[in-house]
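K.L.:
okay, sequence plus prediction incoming.
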Amino acid sequence: MTLADQRVALVFPGQGSQRAGMGRPWQDQPSFERWAQADELLGRDVSRLALDADEDELRMPVNCQIALFVHFVVQYDAWRATGMRAAVTAGHSLGEYAALVAAEVLDFADGLRLVDARARATQDAADERPGTMVACLGFTVDTVSTACATAGTHVANDNAPGQLVVAGAEQDLDRLREVLEAGDERGKIVPLQVGAAYHSPHMEPAVGPFGVALDAAAFSDAGMTVVANVDARPHRDAGDWPTVLRDQLTSPVRWRETVTTFGQLGVTDVIELGPSAVLAGLVKRTDRTLGRRTVITPADLDGSGQ
């Protein structure tokens, strides 16, 4: 049985998966023309982000979100040109927008405009309500949630068993560390190199400005099931997405539950498209019965990944 005959879930990672020069291996693919389309649609030279931007430039939210979105669509178009198909799709945070393009809920132009508006709105929110994020490794959800309530921080990503990300102000994250280190469970708290407290109340200033862009976008019913970040539930109706995407700004990414939903939907294989492997490892930690493949370069298209 080929993968095209199986119940495949196609997934896209989020910020942090970017790599300098990530577009170079894809330059000979017909889908690379998406970068020129993005230049024209946004009226700026975003193509250089695929080829020439360094890690520091790519880390800036206004660059990172655009660069990853276009890169994901380039990869998706090339993957689909091989004849592969998926029954289900999902993306982690920013990756959800690529999933919506893959499911034909958004066309490329509307998806790009939404990501551009999201990048600007979240950057402004980060300037207004500064914060950052830490990974809490080896702790249970209940332990981290209880510690967050004490420290005034917020669970931002429930990624996999023993892997959670917490957002908040720096001083509150210091308090979180103290609470966790004083508890009975042993684990690690790792600072993340991000410029904002994403998926938390720190992003509330972004909701209004981003809502204007959402109201202007055209959504369609999904051509394949999309499992949303905010509720880990399958969605196909066009009318769901303005609310879901608004809520995504300030709500946790429920990735562990998303992977569980894949199994409930009959998914047998998960294929990750991105510049680096991120989600495949989280899938493995959550459900080892699911097959896992990654597509990072065009060479991975032969056999659909590593």
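P.N.:
Received it, and whenever you're ready, just let me know what you need. No experiment lies behind these values; they were computed from the predicted model shown. Residues are numbered from 1 along each chain as shown.

K.L.:
leaving out chain neighbours, which residue sits closest to L100?
P.N.:
L106 (4.6 Å; CB to CB, 6 or more residues apart in numbering). C-beta: built from backbone N, CA, C; applies to glycine.

K.L.:
quick one: buried residues of stretch 108-123?
P.N.:
The neighbour-count check on stretch 108-123 (16 or more other CB atoms under 10 Å) flags 108, 110-123 as buried.

K.L.:
what's the lowest-mean-pLDDT helix or strand in the chain packed up against?
P.N.:
Least confident helix or strand, the chain: helix 55-59 with a mean of 90, by mean pLDDT, DSSP states H and E. Helices and strands touching helix 55-59, by 3 or more CB pairs under 8 Å, 6 or more residues apart in numbering; DSSP states H and E, are helix 61-81.

K.L.:
buried ones in the helix it packs on, by neighbour count?
P.N.:
61, 63-79.

K.L.:
which residue ranges form the helices in the stretch 51-200 of the chain?
P.N.:
55-59, 61-81, 95-102, 108-128, 141-151, 170-182 (DSSP state H, counting those that start in this stretch).

K.L.:
the last one - contacts with which helices or strands?
P.N.:
This means helix 170-182. With contacts taken as 3+ CB pairs under 8 Å, 6+ apart, helix 170-182 sits against strand 132-137, helix 141-151, strand 163-168, strand 188-191.

K.L.:
and for the second one, what are the contacting residues?
P.N.:
Applying CB atoms under 8 Å, 6 or more residues apart in numbering, the set of residues contacting helix 141-151 from outside is 136, 153-155, 158, 164, 166, 168, 172-173, 175-176, 178-180, 183, 185.

K.L.:
one step back: can you tell me which of the helices and strands packed on helix 170-182 comes nearest to E96?
P.N.:
strand 163-168 (15.9 Å; CB to CB).

K.L.:
quick one: average confidence on the closest one?
P.N.:
Model confidence over strand 163-168, given as mean pLDDT, is 98.

K.L.:
where's that strand relative to the chain centroid, distance-wise?
P.N.:
Computed by CA atoms, centre = their mean, to the nearest Å, the chain-centroid distance of strand 163-168 equals 15 Å.

K.L.:
likewise stretch 242-255?
P.N.:
11 Å.

K.L.:
equivalent analysis for stretch 139-157, please.
P.N.:
Its chain's C-alpha centre and that of stretch 139-157 lie 21 Å apart, by CA atoms, centre = their mean.

K.L.:
which residues of this structure score low on pLDDT?
P.N.:
Counting by pLDDT under 70, the chain contains low-confidence ranges at 1-6, 303-306.
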